[in-house]
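Q: Got a predicted structure here, sequence first:
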Amino acid sequence: MLQIVQSSTNLPDELDLDQIAAFLHQALKPYEDTQADIRRALGHVLESEHHPRGFLVLATDGASGNLVGAAVVHFTPWSGYVPENLLLFIAVSPASRGRGIGRALLDAVVAECEGDIKLHVEHDNPARRLYERVGFTSKYAEMRLTR
């Protein structure tokens, strides 16, 4: 079952942002960000229901209700040179992979977004094939100065 969440007040009763951050941290391995960074992003995206800054798509197992996948989208204030939407995180639990959940999450993200969508993916990440099948292309090589 998929659910779109646009505010932390709309989270399912059994989930909070810390649990979602922990899930994403584990499910993204070996491409994970720190749990603190994921939690900070979730807080930013869902900070205000009156001024949406993005949304989550949560996938739960129909039988148990357990979280099996999640996607986090941040609305950017730009368009054109920087896409309107940034897909920050998308992950499916290892035990649930290969069942179409990642594709369902990605399809829900695309349907919910207005405008272009950007994501970062490691070159060796197997999920890259899914993104390409949906229509994502590689436009730039990302470069960072890390301090």
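A: Good, I have the coordinates. This one's a predicted model, so the numbers in the text were calculated from it and none came from an experiment.
Q: drop to CA atoms for contacts and neighbour counts, all remaining ones
A: Noted.
Q: Below-threshold pLDDT in this protein: ranges please.
A: 48-50 (pLDDT under 70).
Q: Where do the helices of this protein begin and end?
A: Along the chain, the segments classed as helices by DSSP state H run 17-27, 35-45, 101-112, 128-134.
Q: Dump the ones you listed into JSON lines; add distance to residue 59 and mean neighbour count as well.
A: JSON lines is the format used below for the helices of the chain (distance: least, Cα to Cα, whole Å; neighbours: other Cα atoms under 10 Å):
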{"stretch": "helix 17-27", "distance to residue 59": "11", "mean neighbour count": "19"}
{"stretch": "helix 35-45", "distance to residue 59": "16", "mean neighbour count": "18"}
{"stretch": "helix 101-112", "distance to residue 59": "7", "mean neighbour count": "18"}
{"stretch": "helix 128-134", "distance to residue 59": "17", "mean neighbour count": "13"}
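Q: Make a markdown table out of those and add distance to residue 70.
A: Compiled in a markdown table, the helices of the chain are given as follows (distance: least, Cα to Cα, whole Å):
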| stretch | distance to residue 70 |
| --- | --- |
| helix 17-27 | 7 |
| helix 35-45 | 11 |
| helix 101-112 | 7 |
| helix 128-134 | 15 |
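Q: and of those helices, who's closest to residue 143?
A: helix 128-134 (18.5 Å; Cα to Cα).
Q: dump the residue contacts of the residue lying closest to residue 115 once chain neighbours are set aside.
A: Distances taken as Cα to Cα, 6 or more residues apart in numbering place residue 84 nearest to residue 115, at 5.8 Å, with adjacent residues excluded. Applying Cα atoms under 8 Å, 6 or more residues apart in numbering, we find residue 84 in contact with 75, 76, 77, 78, 114, 115, 116, 117.
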